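Participant: here's a sequence, model it:
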Amino acid sequence: MALDGIVIRAVVHELQSCVGGRIHKIHQPNPHDLVLQIRGGANPGKLLLSANPTYPRAHWTEATYVNPLEAPMFCMLMRKYCEGAVIEAISQPGRERVLHIDVRQRDELGDLSYKRIIIELMGRHSNIILQDPATGAIHDGIHHVTPALSSYRIVMPGAPYTPPPEQHKADPIDVQSKDAFKTAYLAAEHADSPDKRLVSAFSGLSPLLAGEIAHRASLNVVDADDSEDTIDAIWHAFDGMMAPLRSHSYTPEIVTNEQGKSYFSAVPLTRFNGERKTYASISQCLEDYYGEKAGRDAVKQRAADLLKFVQNEISKNKSKLEKLHETVEEAKGADQYRVLGELLTTYMHAAGKGDRSIEVINYYEESQPTIKIELDPLLTPSENAQRYFRKYNKQKNSLQTVEEQITLTKNENTYLEQVLQQLQTAALQDLQEIRDELVEQQYLRDRSKRGTKKKKSTKPSLLCYTSSEGISIFVGKNNTQNEYLTNKLASASDTWLHTKDIPGSHVVIRSESFGEATLQEAAMLAAYYSQARESSQVPVDTTLIRYVRKPNGAKPGSVIYDKQKTIFITPDEQRIRSLPHLVK
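Facilitator: Prediction:
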């Protein structure tokens, strides 16, 4: 993980601008994250504190978060002690992946109250803890740590705060001479490569930065000797990296190597070749790197029950279709019962009650073979003939019913495949609309309290891109949005796009005149927000809105259209991300 002590130092330096500001609002959009809205200070804005076990981080954010209707208990506690409080100091103990935010507030009696928000960014052990610095006691933590989970420390209300174990390493920022560096380096546990030894010697250095120092020193991983030349090369590379950091001169960047793996750092990563993106602030860098990943992860967690339900329904329908097709194959033999009934009627004079069978000539076949017809001895010949005619009518009628069931099941699966695709590309704010739609279609039960009526929004929010030609392109990310976009918002002369025979979003170009670039970008969006987003040469149909209509009784989002043209496009994620976009 590249979120090391150096990155945290850059974050703490950037957050000094909110010292003197006031915590105006506190929200907890999910079990791991807090969002503090800061007013006043040199740089007001939203501060994200995340103890996500996979994506822990702290930085300014411009993202929009969906908050629960009822605030969690930890959020309520934070509001009680910290909402309205003034930020007095932000610090980093040592070079640990820990931030301290000290705040001052007046309590109910008007007396000054001091609290400390401790953010520990340590992978699966990450936590956000509210502490009383006067007593050292914990008010509460966003994640509880009980004696059963850890024998080293407890994070529970009332327990004394114990910081994470100290590493007893040298602070790389304070090491400013070769002698001090050599002492710390040689004192470290001997490792099989210089980069691993650097990690053992200095706090806050991740394997990523240690590898960068070894690369700048032009050392191979096998160069692990303690010769003066080796130490001299490592020292110059080490000092070259640390010198700008001592004066808080950072160069936040994300590098994507030739294998497609991305890394971020507060210093230039010269060891990697590939696409390189530099940022004005460490917060922008962290938001760009983590934002989409964390967003997808949050959506995946929130949508897990819906995904499982829809996948199960699709699986059930596939099994149902198999059985229906088996029934069709069996029903195809219905004609033989009609033939047997007619032959028995013709040769009725040759049979009698009590006969178990009769042999007759099958004049329906050109060779006119002799066939044997099984009879029920308890029935007369006429009743046996009627029995075969009843079997024929029963299977003929069932065949018609089964074919209707096959059509209905196929249509239902098409709809569910569309919902599944929408869940896979949904943002957090889209999920409730999808859940409400499944309730309306009677797939899910309405879990809202009785007597409380939900006020349904007539204007769902839509994702709007601006093409390279300055034209608005709207994307519907679920059926509620698709129906509103296509049937209400769009004008008859607007252009409508959708992947051909592939579940995907409705896309509308809100203009009568536009160039080829806008059409290509809209087609790319249609392909990207579809089940074929990872494919190449995706077929996308395009026509005018006036030629798009919803059939009577059709499922939400279902349309038919004509006078379309088909273009083939390969989604380019980088080009799509470069287009300005917002939710309207």
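Participant: could you say which helix or strand holds the residue nearest the centre of the chain?
Facilitator: With distances taken as C-alpha atoms, centre = their mean, the residue of the chain nearest its centroid is Arg296 (2.2 Å). Using DSSP states H and E, Arg296 maps to helix 282-302.
Participant: helices or strands up against that helix?
Facilitator: The elements that helix 282-302 packs onto, with contact taken as 3 or more C-beta pairs under 8 Å, 6 or more residues apart in numbering; DSSP states H and E, are helix 5-15, strand 57-61, strand 253-257, strand 262-265, helix 428-440. C-betas here are computed from N, CA, C, even on glycine.
Participant: now the helix or strand just after the fourth one against strand 253-257, angle please.
Facilitator: If you walk from strand 262-265 toward the C-terminus, the next helix or strand you reach (DSSP H and E) is strand 274-278. Orientation check (axes from the mean of the first three to the mean of the last three C-alpha atoms, to 10 degrees): strand 274-278 against strand 253-257 gives 170 degrees.
Participant: now strand 274-278 - C-alpha only, PDB.
Facilitator: What follows is strand 274-278, C-alpha atoms only, in PDB (Å, rounded to 0.1, in the frame of the first residue of the first chain):
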ATOM      1  CA  GLY A 274       3.900   4.500 -18.500                       C
ATOM      2  CA  GLU A 275       1.100   7.100 -18.200                       C
ATOM      3  CA  ARG A 276       1.900   9.800 -15.600                       C
ATOM      4  CA  LYS A 277      -0.600  12.300 -14.100                       C
ATOM      5  CA  THR A 278       0.600  15.100 -11.800                       C
END
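Participant: ok, the residue nearest to the centre of the chain to Ile254 distance?
Facilitator: Distance of Arg296 to Ile254, given as C-beta to C-beta, to the nearest Å: 17 Å.
Participant: buried sites along the next helix or strand after the helix holding Arg296?
Facilitator: Per DSSP H and E, helix 282-302 leads on to helix 304-331 as the next helix or strand towards the C-terminus. Across helix 304-331, burial judged by 16 or more other C-beta atoms under 10 Å covers 306-307, 309-310, 313-314, 317, 324, 327, 331.
Participant: okay, these in JSON lines with distance to Ser493 and pLDDT next?
Facilitator: JSON lines is the format used below for the buried residues of helix 304-331 (distance: C-beta to C-beta, whole Å; pLDDT from 0 to 100):
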{"residue": "Leu306", "distance to Ser493": "36", "pLDDT": "89"}
{"residue": "Leu307", "distance to Ser493": "38", "pLDDT": "90"}
{"residue": "Phe309", "distance to Ser493": "40", "pLDDT": "92"}
{"residue": "Val310", "distance to Ser493": "36", "pLDDT": "92"}
{"residue": "Glu313", "distance to Ser493": "38", "pLDDT": "93"}
{"residue": "Ile314", "distance to Ser493": "37", "pLDDT": "93"}
{"residue": "Asn317", "distance to Ser493": "38", "pLDDT": "92"}
{"residue": "Leu324", "distance to Ser493": "43", "pLDDT": "89"}
{"residue": "Thr327", "distance to Ser493": "48", "pLDDT": "80"}
{"residue": "Ala331", "distance to Ser493": "49", "pLDDT": "73"}
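Participant: tell me who's in contact with Leu463.
Facilitator: By C-beta atoms under 8 Å, 6 or more residues apart in numbering, the contact set of Leu463 is 474-475, 477, 581-583.
Participant: inside helices: which ones of the residues you listed?
Facilitator: Counting by DSSP state H, none of the members of the contacts of Leu463 fall within helices.
Participant: ok, so of those, who is nearest Ala159?
Facilitator: Ranked by distance to Ala159 (C-beta to C-beta), those are led by Val583 at 42.1 Å.
Participant: contacting residues for the closest residue to that closest one other than its chain neighbours?
Facilitator: Take Val583 and drop its neighbours on the chain: the residue closest to it by C-beta to C-beta, 6 or more residues apart in numbering is Ser461, 4.9 Å away. Going by C-beta under 8 Å, 6+ apart, Ser461 touches 429, 481, 583-584.
Participant: tell me the buried residues within those residues.
Facilitator: Gln481.
Participant: a markdown table for the contacts of Ser461, including pLDDT and distance to Gln531?
Facilitator: Formatted as a markdown table, those follow (pLDDT from 0 to 100; distance: C-beta to C-beta, whole Å):
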| residue | pLDDT | distance to Gln531 |
| --- | --- | --- |
| Gln429 | 76 | 21 |
| Gln481 | 93 | 17 |
| Val583 | 83 | 23 |
| Lys584 | 81 | 25 |
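Participant: columns distance to Val439 on top of the contacts of Ser461, output as a markdown table?
Facilitator: Shown next, in a markdown table, are these (distance: C-beta to C-beta, whole Å):
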| residue | distance to Val439 |
| --- | --- |
| Gln429 | 17 |
| Gln481 | 17 |
| Val583 | 23 |
| Lys584 | 26 |
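Participant: and the contacts of Ser461, which is closest to Thr54?
Facilitator: Each of these was checked against Thr54 using C-beta to C-beta; the closest is Gln429, at 21.7 Å.
Participant: list the contacts for that closest one?
Facilitator: Shown in contact with Gln429 (C-beta under 8 Å, 6+ apart): 64, 66, 461, 583.
Participant: could you do Val103 as well?
Facilitator: Residues counted as contacts of Val103 (C-beta under 8 Å, 6+ apart) are 23, 82, 85-88, 114-117.
Participant: picking that back up, return the subset of the contacts of Gln429 lying in strands.
Facilitator: Secondary structure from DSSP state E places Val583 of the contacts of Gln429 in strands.
Participant: between the contacts of Gln429, which is closest to Ala350?
Facilitator: For the contacts of Gln429, the residue nearest Ala350 by C-beta to C-beta is Ser461; the value is 79.2 Å.
Participant: what values do phi and psi take at that closest one?
Facilitator: phi -70, psi 140 (degrees, to the nearest 10).
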